[in-house]
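Participant: Could you work out the structure for the sequence below:
(one chain, ligands or ions: 1)
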Amino acid sequence: MVRVRFAPSPTGPLHIGGVRTALYNYLFARKHGGTMLLRIEDTDQNRYVPGAENYILESLQWLGIEIDEGQSVGGPHAPYRQSERKEMYRQYAEQLIADGKAYYAFDTADEIEAMRQRLEAAGADAAQYNAITRLQMNNSLTISATETQQRLANGTPYVIRIKIDPKEEIRFKDIVRDWVVVHASTLDDKVLLKSDGMPTYHLANIVDDHLMEISHVIRGEEWLPSAPLHVLMYQYFGWNAPQFAHLPLLLKPEGNGKLSKRDADLGGFPIFPLLWQDPATGAVARSFREDGYLPEATINFLAFLGWNPGTEQELFSMSELIEAFSLERIHKAGARFDIQKAKWFNQQYLKAKTDEELALSLTGPPVRSWVLNKHTDNPKPMTHDSRLTTHDLPKICRLMKDRVTFPQEILSDAPFLFEAPTAYEEAVVTSKWNADATKTIGAYAADLEIYEGDFLAESVKAIFTATTERLGIKTGKVLQALRLAVTGAGHGPDLMLTMEILGKNEVISRLKKALESLPVA
Ligand code: GLU
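Facilitator: Take a look at the predicted model:
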């Protein structure tokens with residue numbers, strides 16, 4: 001039975017690397033008909049950030065990563081929030097003490113600091129609380145059992161530390177990294193239970209993975225150094241360890257070093273799934289959703305950050321990913337975070353949407369507010385412009401969707417739909433605006449005026465052909481001048497469809513305005 005968990009700590013906005021971890025867990029669970037858990041690891045109360053847990057839930061929901069067991073959906077191992085499981089952990093730490101695999105330590109912060117300084121002065125590589133140094137410290141191994149009991153009874157603060165047996169060699173086979181071999185003498189006696197009674201990450205994580213019957217631990221490479229300790233802890237508890245798969249790091253766009261928030265700020269790209277406003281500073285971080293990335297594109301992009309299907313296929317729906325996914329195809333090497341690739345995916349998914357679907361997404365709140373903010377001199381939502389109604393939106397999407405990366409650009413890259421030109425592209429005026437052009441455009445405006453049928457791309461095109469034929473002027477010679485008159489620019493999307501969207505009155509008025517504004521000598 002495959003049971004996997006995504007186990008984030010709510011210490012801030014979920015990073016896109018965390019989303020990838022969640023995605024790989026989800027794909028693996030679904031592929032094997034298993035169960036996907038969400039466990040909130042909030043035992044470090046100093047680092048708790050309000051809102052972070054909701055942010056995690058909303059991010060997963062936006063992307064379609066479904067949770068089978070968790071705080072929000074319930075399940076047989078509830079609660080799924082570690083702070084609410086606090087009382088459970090102590091007994092496990094005490095069980096290890098009873099088995100001689102852990103001990104009470106009463107050292108004060110000063111005593112630990114003094115040990116550190118002593119070891120540093122002696123030139124030790126690492127000042128660790130370990131098999132050697134513990135014999136000089138203030139703990140239940142160096143004081144008598146009676147004294148220990150007295151101190152526990154009188155409320156002397158203590159922690160529980162694991163007692164690493166330094167003679168062992170720890171070996172385990174990571175599904176991604178293959179064999180990992182570490183000598184136990186390199187590990188320190190990590191704290192399992194803190195003086196405030198809270199478990200540390202290591203204790204809570206192992207106990208919960210065991211109790212929740214986790215079969216595979218799929219998590220970021222930053223946890224690989226903790227894995228030998230975890231393997232040893234399973235052994236000390238006498239439990240079967242789950243299988244491990246440590247996912248490759250996300251690297252900077254240039255490929256050297258770990259991706260950071262700073263890289264994202266400098267490169268002007270998001271590394272958070274959703275808008276996040278820092279509760280302390282009020283600062284807002286860029287995000288995939290608000291930047292206009294579609295959830296399908298974001299998923300496809302993330303799936304390929306550290307995995308590939310081994311075929312040429314690049315576009316995968318969630319169900320295709322589930323079908324194709326395997327832990328064995330995850331790469332060992334770090335995955336370069338190439339935002340250009342994310343944009344490419346976005347374009348593909350955008351193009352694949354119907355005009356109606358896209359139009360709907362343009363009336364949603366993120367894009368609407370983006371449009372509002374972008375055009376501060378025109379604070380009306382553009383979709384409510386006087387001439388263009390939401391009923392034009394699907395047509396606008398058809399006009400623009402092959403030319404943009406993000407949905408909001410469908411509107412922002414088409415200012416000519418919302419305002420008549422106030423200036424005309426100089427180079428096009430010079431090369432194309434001549435006597436033939438003005439003659440054609442004047443005649444065309446008149447022909448349009450008497451036309452009474454539906455104002456469609458095909459009809460305005462046919463009329464233009466008829467006008468130029470009548471005048472004996474080649475359409476190709478004056479077409480760019482027509483575009484100039486209608487949009488002010490020499491290049492742009494389909495001109496006939498543009499005119500259809502603008503409508504008869506607006507087109508005629510623009511043609512006349514161009515003739516007035518651009519006299520030909
Ligand atoms: N709470 C840890 C984190 O924030 C979980 C690591 C793990 O999956 O074991 O990433």
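Participant: I figured Lys332 hits Val176, correct?
Facilitator: Yes - applying C-beta atoms under 8 Å, one finds Lys332 in contact with Val176, separated by 6.2 Å. Backbone N, C-alpha and C define where each C-beta goes, glycine included.
Participant: Contact residues of the stretch 1-150 of the chain facing the ligand?
Facilitator: Within the stretch 1-150 of the chain, the positions lying close to the ligand (C-beta under 6 Å from any ligand atom) are Ala7, Pro8, Ser9, Glu41.
Participant: Next up, identify which helix or strand the residue of the stretch 151-300 of the chain found nearest the ligand is on.
Facilitator: Per C-beta to the nearest ligand atom, Arg219 is where the stretch 151-300 of the chain lies closest to the ligand, at 3.5 Å. Here Arg219, judged by DSSP states H and E, is contained in strand 216-220.
Participant: Enumerate every residue touching the residue of the stretch 151-300 of the chain closest to the ligand.
Facilitator: For Arg219, the contacting residues are Ala7, Thr21, Ala245, His246, Leu247, by C-beta atoms under 8 Å, 6 or more residues apart in numbering.
Participant: Selection in ChimeraX covering whichever of those residues are buried, please.
Facilitator: ChimeraX command restricting the contacts of Arg219 to the buried ones, with burial defined by 16 or more other C-beta atoms under 10 Å:
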select :7,21,245,246,247
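Participant: would CSV of the contacts of Arg219 with distance to Lys504, pLDDT and secondary structure be doable?
Facilitator: Converted to CSV, those look like this (distance: C-beta to C-beta, whole Å; pLDDT from 0 to 100; DSSP: H, G, I helix; E, B strand; the rest coil):
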residue, distance to Lys504, pLDDT, secondary structure
Ala7, 62, 98, coil
Thr21, 56, 98, helix
Ala245, 63, 98, strand
His246, 64, 98, strand
Leu247, 58, 98, strand
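Participant: burial count for the closest residue to the ligand within the stretch 301-450 of the chain?
Facilitator: Nearest residue of the stretch 301-450 of the chain to the ligand, counting by C-beta to the nearest ligand atom: Leu327, 14.7 Å away. Per other C-beta atoms under 10 Å, the neighbour tally for Leu327 reads 18.
Participant: quick one: which of the contacts of Arg219 is nearest to Gln117?
Facilitator: His246 (34.6 Å; C-beta to C-beta).
Participant: Verify the contact between that closest one and Phe172 for me.
Facilitator: No - counting by C-beta under 8 Å, His246 does not reach Phe172; the two are 10.9 Å apart.
Participant: Which neighbours do the two have in common?
Facilitator: Taking C-beta under 8 Å, 6+ apart as the criterion, His246 and Phe172 both touch Ala227.
Participant: rewinding a little: so between Lys332 and Val176, which is more surrounded?
Facilitator: Val176 (20 against 12).
Participant: Contacts only, for that one.
Facilitator: Contacts of Val176 (C-beta under 8 Å, 6+ apart): Ala245, His246, Leu247, Pro248, Leu327, Ile330, His331, Lys332.
Participant: redo that, cut-off 7 Å
Facilitator: Under the criterion of C-beta atoms under 7 Å, 6 or more residues apart in numbering, the neighbours of Val176 are Ala245, His246, Leu247, Leu327, Ile330, Lys332.
Participant: And for Leu14?
Facilitator: Contacts of Leu14 by C-beta under 7 Å, 6+ apart are Pro8, Tyr55, Ile56, Ser59, Pro273.
Participant: Just give me the closest of those to the ligand.
Facilitator: Among those, Pro8 lies closest to the ligand (C-beta to the nearest ligand atom), at 5.0 Å.
Participant: Would you mind naming the helix or strand containing that closest one?
Facilitator: Taking DSSP H and E as the definition, one finds Pro8 inside no helix or strand.
Participant: correct me, but it touches Val19?
Facilitator: No - counting by C-beta atoms under 7 Å, Pro8 does not reach Val19; the two are 9.6 Å apart.
Participant: Looking at these two, which is more packed in?
Facilitator: Val19 (27 against 24).
Participant: Excluding covalently adjacent residues, which one is nearest to that one?
Facilitator: Residue nearest to Val19 in three dimensions, not counting chain neighbours: Pro273, with 5.4 Å by C-beta to C-beta, 6 or more residues apart in numbering.
Participant: Could you count how many residues lie near the one you found?
Facilitator: Other residues near Pro273 come to 28 when the count uses other C-beta under 10 Å.
Participant: show me the contacts for it.
Facilitator: Leu14, Ile16, Val19, Ser59, Trp62, Leu63, Ser287, Phe288, Arg289.
Participant: Among those residues, which lie within helices?
Facilitator: Mapping the contacts of Pro273 onto helices (DSSP state H) picks out Ile16, Val19, Ser59, Trp62, Leu63, Phe288, Arg289.
Participant: Just give the nearest non-adjacent residue to the fifth one, would you?
Facilitator: Ranked by C-beta to C-beta, 6+ apart and with sequence neighbours excluded, the top spatial neighbour of Leu63 is Pro295, at 5.0 Å.
Participant: and that neighbour, what pLDDT?
Facilitator: Pro295 carries a pLDDT value of 97.
Participant: Could you pull up the residues touching it?
Facilitator: Pro295 sits next to Trp62, Leu63, Gly64 when contact means C-beta under 7 Å, 6+ apart.
Participant: Quick check: it vs Ala7, distance?
Facilitator: 23 Å (C-beta to C-beta, to the nearest Å).
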